[in-house]
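**Student:** Pasting the sequence and the predicted model now:
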Amino acid sequence: MYPLDTPAPWPTNQWYIAGFAQEVGREILARTFLNRRIVLFRDENGTAHALSGICPHRMMPLELGSLEGDRLICGYHGLAFDLTGACIAAPTAPTPPNCALSQYPLREVGPLLWIWMGDPALADRSPLPDQASIGIGQDGWLTQCVAHYDLGARYTLLIDNLFDLSHLGFIHASIVGSGGIALIEPKIEDSGERLVVSRVATDFPVDGYHRFLFPQAGERITTVLKSELLGIGLINAGGPVHDGPAADAPLLGHQNFIHGITPATEHMTHYWIFMTRDFRLDDAGLSAALAAQNEAVVAQDRDALEAIERLLRSDVPLPQEISMKPDAGALRARLKLIQMIRNDQGATGAAVAA
């Protein structure tokens with residue numbers, strides 16, 4: 001089961017979410033990504049920056065320092081670092097010491113900040129996950145940035161969870177009900193680095209939830225529930241709803257529940273939840289209701305995954321893991337992840353050789 005049989009716990013040559021853009025400002029924000037301590041902040045022009053977050057002088061956490069103009073000041077002995085990470089001043093020494101912080105590439109696209117933790121030479125030629133295809137920051141869509149959580153479980157458990165939507169009618173039965181679309185056999189589409197596991201409920205009677213979303217809908221609808229791996233750190237769970245008994249019926253709209261995942265350590269994960277939709281864009285009441293429901297669902301997932309993590313880290317003997325037919329999507333996601341990690345090792349080696 002876990003840990004995966006791979007040379008590293010995660011690929012490093014990937015764009016990972018560092019935060020919602022609105023989370024980063026002129027206050028220093030410290031986070032751990034891939035076992036490395038990072039500080040995030042904006043310069044006086046509003047551009048976001050990411051530097052290693054520990055002062056090399058006496059290991060002081062730099063979030064306990066301050067920003068003076070565009071200089072990051074250590075709170076222990078006043079060492080000053082510029083936006084590239086170079087040490088440019090040391091009040092307690094006649095000349096600045098020969099030290100520097102690591103600088104990490106950042107990209108800000110729409111509501112998201114992305115960080116590159118791998119080989120800097122590979123960052124510029126590595127595309128971001130396709131956030132536009134699921135409506136993030138796009139015209140004609142509403143993007144809701146709901147919450148950031150520190151999940152007390154390894155990131156691979158969360159990926160398993162998001163590609164195993166058969167659990168919806170069990171863990172989330174009190175919110176979404178039992179059975180339904182979650183029990184439909186999934187279709188798996190695997191092309192390149194994008195994996196889509198979808199369930200289609202055709203000629204489905206309108207339930208209370210879909211009537212709430214689409215008051216104009218008829219008595220029968222067709223819904224598509226997808227798990228889409230757009231990148232190791234960006235997974236969409238959602239899809240379109242059609243007003244009729246088949247997928248070629250008129251479109252009512254898309255509702256996407258989006259999950260941002262960045263490993264913090266081997267046993268902790270940064271978890272962002274947000275949503276996009278292309279209907280009722282100005283309906284604040286609908287937005288509030290969907291956000292509250294999303295947080296309630298995620299709370300149940302967190303409880304389950306953190307319980308599993310505690311068992312995995314304990315000395316309790318575990319049975320051999322089994323899988324069933326509905327697990328096919330999650331198992332395919334595991335294989336994709338293993339391949340990403342192995343490809344990452346090869347890409348790093350090639351870059352070093354070049």
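**Tutor:** The structure has been received and is ready for your questions. Residues are numbered from 1 along each chain as shown.
**Student:** can you tell me which residues contact the residue positioned nearest the centre of the chain?
**Tutor:** By Cα atoms, centre = their mean, the chain has its centre lying nearest to Gly260, at 1.4 Å. Counting by Cβ atoms under 8 Å, 6 or more residues apart in numbering, Gly260 makes contact with Ile17, Leu112, Gly233, Leu234, His270, Tyr271, Trp272, Ile273, Phe274. C-beta here means a position set from N, CA and C on the backbone, and glycine is covered the same way.
**Student:** ok, 10 Å please
**Tutor:** Listed by Cβ atoms under 10 Å, 6 or more residues apart in numbering, the contact partners of Gly260 are 16-20, 112, 114, 129, 131, 136, 145, 148, 231, 233-235, 270-274.
**Student:** now swap in Asp327 and tell me
**Tutor:** Asp160, Phe163, Asp164, Ser166, Pro186, Glu321, Arg334 are the contacts of Asp327 under Cβ under 10 Å, 6+ apart.
**Student:** For the longest helix along the chain, name the packing helices and strands.
**Tutor:** Among the segments of the chain that qualify as a helix by DSSP state H, the longest is helix 284-313. Where contact means 3 or more Cβ pairs under 10 Å, 6 or more residues apart in numbering; DSSP states H and E, helix 284-313 is packed against strand 142-151, helix 155-162, helix 168-171, helix 173-176, helix 208-213, strand 251-265, strand 268-277.
**Student:** and if we set it to 6 Å?
**Tutor:** On a contact count with 3 or more Cβ pairs under 6 Å, 6 or more residues apart in numbering; DSSP states H and E, helix 284-313 meets strand 142-151, helix 155-162.
**Student:** Report the angle between that helix and strand 268-277.
**Tutor:** With axes from the mean of the first three to the mean of the last three Cα atoms, to 10 degrees applied, the angle from helix 284-313 to strand 268-277 works out at 150 degrees.
**Student:** what angle separates helix 284-313 from strand 142-151?
**Tutor:** Using the same axes, to 10 degrees: helix 284-313 against strand 142-151 is 20 degrees.
**Student:** neighbouring contacts of stretch 88-103?
**Tutor:** 51-52, 56, 77-82, 84-87 (Cβ atoms under 6 Å, 6 or more residues apart in numbering).
**Student:** which residues of the protein score low on pLDDT?
**Tutor:** 1-2, 178-180, 347-354 (pLDDT under 70).
**Student:** How is it divided into domains?
**Tutor:** If you go by automatic domain parsing, the domain ranges for the chain are 15-123, 132-345.
**Student:** Can you say which of those is nearest to Asp5?
**Tutor:** Closest approach to Asp5 among the domains of the chain is made by domain 132-345 (7.3 Å; Cβ to Cβ).
**Student:** before we move on, the earlier item: what would the helices and strands packed on helix 284-313 look like in TSV with distance to Pro91 and mean neighbour count?
**Tutor:** What follows is the helices and strands packed on helix 284-313, written out as TSV (distance: least, Cβ to Cβ, whole Å; neighbours: other Cβ atoms under 10 Å):
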stretch	distance to Pro91	mean neighbour count
strand 142-151	35	17
helix 155-162	41	22
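**Student:** and Asp315, which of the ones you listed is closest to it?
**Tutor:** That would be helix 155-162 among the helices and strands packed on helix 284-313, by Cβ to Cβ, at 19.0 Å.
**Student:** now the angle between strand 142-151 and that closest one, please.
**Tutor:** Using the same axes, to 10 degrees: helix 155-162 against strand 142-151 is 130 degrees.
**Student:** Tell me how far helix 155-162 lies from the chain's centre.
**Tutor:** Taking Cα atoms, centre = their mean, to the nearest Å, one finds helix 155-162 lying 11 Å from the centre of the chain it belongs to.
**Student:** which other residues reach that helix?
**Tutor:** 2, 227, 235, 237, 259, 261, 263, 269, 301, 305, 308, 330, 333.
**Student:** Need those in CSV (columns: distance to Asp124 and neighbour count).
**Tutor:** CSV is the format used below for the contacts of helix 155-162 (distance: Cβ to Cβ, whole Å; neighbours: other Cβ atoms under 10 Å):
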residue, distance to Asp124, neighbour count
Tyr2, 33, 15
Ser227, 30, 26
Ile235, 25, 24
Ala237, 31, 20
His259, 26, 21
Ile261, 23, 21
Pro263, 23, 24
Thr269, 27, 23
Asp301, 35, 21
Leu305, 35, 22
Ile308, 38, 16
Ala330, 33, 21
Ala333, 28, 24
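**Student:** partner residues bridging the residue nearest to the centre of the chain?
**Tutor:** Assessed by DSSP bridges, Gly260 has beta-bridge partners Leu234, Trp272.
**Student:** Can you tell me how far it is from Phe274?
**Tutor:** Distance, Gly260 to Phe274, using Cβ to Cβ, to the nearest Å: 7 Å.
**Student:** Which stretches in the stretch 101-250 of the chain count as strands?
**Tutor:** With DSSP state E, counting those that start in this stretch as the criterion, the stretch 101-250 of the chain has strands at 103-104, 106-109, 112-116, 142-151, 187-191, 194-205, 220-231, 234-242.
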